[in-house]
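>>> Fold the stuff below for me.
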Amino acid sequence: MADNTIVAGQIILGLKTLRDHLGCSLHEALDAYVARYEVLRRERPADFTTSHEEYWANFYS
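Next up, the predicted model:
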């Protein structure tokens with residue numbers, strides 16, 4: 001699914017992937033992205049190369 005793009009910090013590509021996969025709105029894709037990000041951050045913290053703050057810097061929704 002979008003796990004690789006989420007871990008890589010490719011937010012826009014991850015949102016597009018989720019929209020295509022789930023057939024949902026952008027808002028719903030963002031909700032799904034954030035929920036999956038939180039799971040991955042908790043379960044695979046070593047896979048992330050940036051802090052939570054750095055990850056979301058310059059992304060405004």
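
>>> now the lengthiest helix in the chain: mean pLDDT?
Determined from DSSP state H, the single longest helix within the chain is helix 26-43. Averaged over helix 26-43, pLDDT sits at 97.

>>> Going by neighbour count, list what's buried in the next helix-or-strand element following it.
Using DSSP states H and E, the helix or strand that directly follows helix 26-43 along the chain is helix 52-56. Using 16 or more other CB atoms under 10 Å as the test for burial, helix 52-56 gives residue 55. C-beta coordinates here come from the backbone N, C-alpha and C atoms, glycine included.

>>> what's in contact with helix 52-56?
With CB atoms under 8 Å, 6 or more residues apart in numbering as the test, helix 52-56 has contacts from 9, 37, 41, 48.

>>> One more pass at 7 Å, please.
9, 41, 48 (CB atoms under 7 Å, 6 or more residues apart in numbering).

>>> Quick check: closest non-adjacent residue to residue 15.
Closest residue to residue 15 apart from its sequence neighbours, by CB to CB, 6 or more residues apart in numbering: residue 29 at 4.8 Å.

>>> residues touching the one you found, list them.
Here residue 29 is in contact with 15, 18, 19, 22 (CB under 7 Å, 6+ apart).

>>> now residue 47
Residues in contact with residue 47 (CB under 7 Å, 6+ apart) are residue 7.
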